[in-house]
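J.: This is a predicted model, with the sequence first.
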Amino acid sequence: MEKIIIGLVLFFAINVASYSNWKQLNSGTENTLNEIYFPTENTGFAVGEKGTMLKTVDGGNSWTILEMETEHDIHDLFFFDSNVGCVVGDSGYFAQTTDGGSNWIISYLIEDDFLKLSSVCFTSTLIGYVGGSENFSSGIIFKTSDGGQSWTKTSIPESIFDINFTKIVFPEPQIGYAITRGMCMKTVDAGDNWFITDTNLVKSGDMFSILEDVHFFSADTGFIVGWYNPFCAYTTNGGENWIDQFVLHNQWYSIDFPSRQIGYLAGWGQMAKTTDGGLSWTEISIAQNLAANIYSISFANDSVGFACGDNGMIIKTINGGTTGIEELNLAGNINIYPNPSNGLFTIDSAQDVIEFSNSMNLEVYNLSGQLVLETILTYPFMAFKLTNLPNGTYIVKIFNGENIYTEKVILQ
């Protein structure tokens, strides 16, 4: 592994004692909704299967079903504001609006039943990108320089995986990222050519996840999330290295940061929230009747957010998803010492803070995400030893069924 430059310290504790404050809205459809986006607090759009396109102008209290002239599934949407936007779907379907969805210009990039468009992103009114798959297996990314009137294929690496580009983002006009099964690709020339990021992680199979969503704060710093082989990772060096955070069950469909510090994760009937830019995550419990698969989450601001998923489900929060968060200061009640160490680390923990069943699991990872130690700890005195490993920084993960604690340690 080449030298890793990490400006973000992986240090988070997860507590499961949060209380849900989500309200289910009447979407007017039972079709699965794939994506939701609110350019403002009151105006929002949702797309889904069988040509479903919904709009609200009153904060989700009522939804209008828009006519899209297709029965194809619609997978993604992109809006500059409340009026100008576009959607993409199966069979090369592409539709644009400049009046908030009242009228649509509908076209097909290639009218082919085997062309699935799963993602769309524009960096200006003229330059945009759509990604997906053709023949159910080969990934494809198109680029337009004339606002969607014409499209050309871009150059992407070959892969042994079945590829479907589920999301494309451009934090800067020249720099973009596209995610798919088992890899995150990047361009530095405005999408003309793409290359695979963190090839060591890809070759090892540790990124063999169905990646679903991506969020970048800048050209170098961002998050990707996925499922199947659980993965929730961040990078601070433009994707040269990705570090898995192991957030909860680690099965995620969607990530959104309405601001630099406040962010949300959603997927598999669970949600999580961060208030420190992704350093730590707290689970947001969801009422059982809302625990369907959540495929997309969108926050208009730090407090007002929406999520959508199976059976036409749309839910809303007006206070950041929780009525209260009972935070456990795990960092003050778990102590790993000495740190740095020459190999032997001792762990002390207050039993009244973390209830140990009979034991705790401990895993240690290097900064390339490889598991280097796995063992069982017994309360109250716990220790582990790192031997035959190179000096450097490692990530310690301690967990039982209800709590997860991680901290970095230094072997010297």
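T.: Arrived safely, thanks for sending. Nothing here was measured: the structure is a model prediction, and the numbers come from that model.

J.: any chance you could map the helices in this protein?
T.: Using DSSP state H, the helices found in the chain span residues 199-204.

J.: Can you tell me which helix or strand of it has the lowest average pLDDT?
T.: When the helices and strands of the chain are compared on mean pLDDT, DSSP states H and E, strand 13-14 comes out lowest with a mean of 34.

J.: residues near the residue nearest to Y365 when sequence neighbours are not counted, how many?
T.: Taking Cβ to Cβ, 6 or more residues apart in numbering as the measure, Y365 lies nearest to I395, with 4.6 Å between them; neighbours along the chain are not counted. (Each C-beta comes from the backbone N, C-alpha and C, glycine too.) Here the count is done by other Cβ atoms under 10 Å, and I395 has 21 residues near it.

J.: beta partners for I395?
T.: Applying DSSP bridges to I395 yields these beta-bridge partners: Y365, K408.

J.: can you tell me which residues contact it?
T.: Taking Cβ atoms under 8 Å, 6 or more residues apart in numbering as the criterion, I395 is in contact with L10, I243, V364, Y365, N366, L367, T406, E407, K408, V409.

J.: I'd say S133 and T166 touch.
T.: No: with contact defined as Cβ atoms under 8 Å, S133 does not reach T166; the gap is 9.5 Å.

J.: Look at those two and report which has more neighbours.
T.: Using other Cβ under 10 Å, the more surrounded residue of S133 and T166 is T166, with 24 against 21.

J.: how about that one, what does it touch?
T.: Taking Cβ under 8 Å, 6+ apart as the definition of contact, the neighbours of T166 are S118, S119, G131, I179, T180, I210, L211, E212, D213.

J.: Next, count neighbours for the closest residue in space to T346 that isn't next to it in sequence.
T.: Leaving out its chain neighbours, the residue that sits closest to T346 by Cβ to Cβ, 6+ apart is A383, at 4.7 Å. Here the number of neighbours of A383 (other Cβ under 10 Å) works out to 13.

J.: Give me the pLDDT value at A383.
T.: In the predicted model, A383 carries a pLDDT score of 86.

J.: what's the spacing between it and G343?
T.: Using Cβ to Cβ, to the nearest Å, one obtains 11 Å as the distance from A383 to G343.

J.: Make TSV from the contacts of I395 and add neighbour count to it.
T.: TSV is the format used below for those (neighbours: other Cβ atoms under 10 Å):
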residue	neighbour count
L10	21
I243	21
V364	21
Y365	21
N366	18
L367	16
T406	20
E407	21
K408	15
V409	19
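
J.: Could I get the phi/psi values of the closest residue to L109 other than its chain neighbours?
T.: Distance criterion Cβ to Cβ, 6+ apart; nearest residue to L109, sequence neighbours excluded, is G92 at 4.3 Å. G92 has phi and psi values of phi 80, psi 20 when expressed as degrees, to the nearest 10.

J.: which residues does G92 contact?
T.: For G92, the contacting residues are Y108, L109, I110, E111, D112, L115, L117, taking Cβ under 8 Å, 6+ apart as the criterion.

J.: what are the phi and psi angles of the fourth one?
T.: Geometry field for E111 lists phi and psi as phi -80, psi 90, criterion degrees, to the nearest 10.

J.: residues near it, how many?
T.: A count of nearby residues for E111, using other Cβ under 10 Å, gives 10.

J.: same thing with the first one?
T.: Other residues near Y108 come to 16 when the count uses other Cβ under 10 Å.

J.: Pretty sure D256 sits against I297.
T.: Yes: applying Cβ under 8 Å, one finds D256 in contact with I297, separated by 5.1 Å.

J.: Quickly list what's touching both of these two.
T.: Y264, G305.

J.: So for the two, which sits in the more crowded spot?
T.: The neighbour comparison of D256 against I297 (other Cβ under 10 Å) goes to I297, with 27 against 20.

J.: Contact partners for that one?
T.: I36, S254, I255, D256, Y264, L265, A266, M271, G305, F306, A307.

J.: Dump those into CSV; add distance to I196 as well.
T.: Compiled in CSV, the contacts of I297 are given as follows (distance: Cβ to Cβ, whole Å):
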residue, distance to I196
I36, 30
S254, 23
I255, 21
D256, 25
Y264, 28
L265, 24
A266, 27
M271, 30
G305, 33
F306, 33
A307, 31
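
J.: Give me the lowest-pLDDT entry from those.
T.: Looking at pLDDT alone, the contacts of I297 dip lowest at M271, where the score is 87.

J.: Contact partners for that residue?
T.: M271 is in contact with Y264, L265, E283, I284, I286, I294, I297, A307, G321, counting by Cβ under 8 Å, 6+ apart.

J.: swap the cut-off to 10 Å and go again
T.: M271 sits next to 18, 20, 22, 248, 252, 254, 264-265, 281-286, 290, 294, 297, 305, 307, 315, 317, 321-322 when contact means Cβ atoms under 10 Å, 6 or more residues apart in numbering.

J.: and Y37, what does it touch?
T.: 43-47, 76-79, 85, 256, 296-298, 300, 306, 308.

J.: To clarify, my last question referred to R260.
T.: R260 makes contacts with F217, S218, T221, D276, G277, G278, as judged by Cβ under 10 Å, 6+ apart.

J.: Test my guess that the fourth one contacts G263.
T.: Yes: counting by Cβ atoms under 10 Å, G263 is a contact partner of D276 at 9.2 Å.

J.: which one of these two has more residues nearby?
T.: G263 (24 against 13).

J.: Check the spacing between the more buried one and E41 real quick.
T.: The separation that G263 has from E41, given Cβ to Cβ, amounts to 18 Å.

J.: What is the neighbour count of F45?
T.: Using other Cβ under 10 Å, F45 is surrounded by 25 other residues.

J.: And for the one 4 residues further on?
T.: One way to gauge burial is a neighbour count; for E49, by other Cβ under 10 Å, it gives 18.

J.: quick one: pLDDT of it?
T.: 97.

J.: F11 too?
T.: In the prediction, the pLDDT value recorded for F11 is 32.

J.: And for the one 4 residues further on?
T.: Model confidence at N15, given as pLDDT, is 35.
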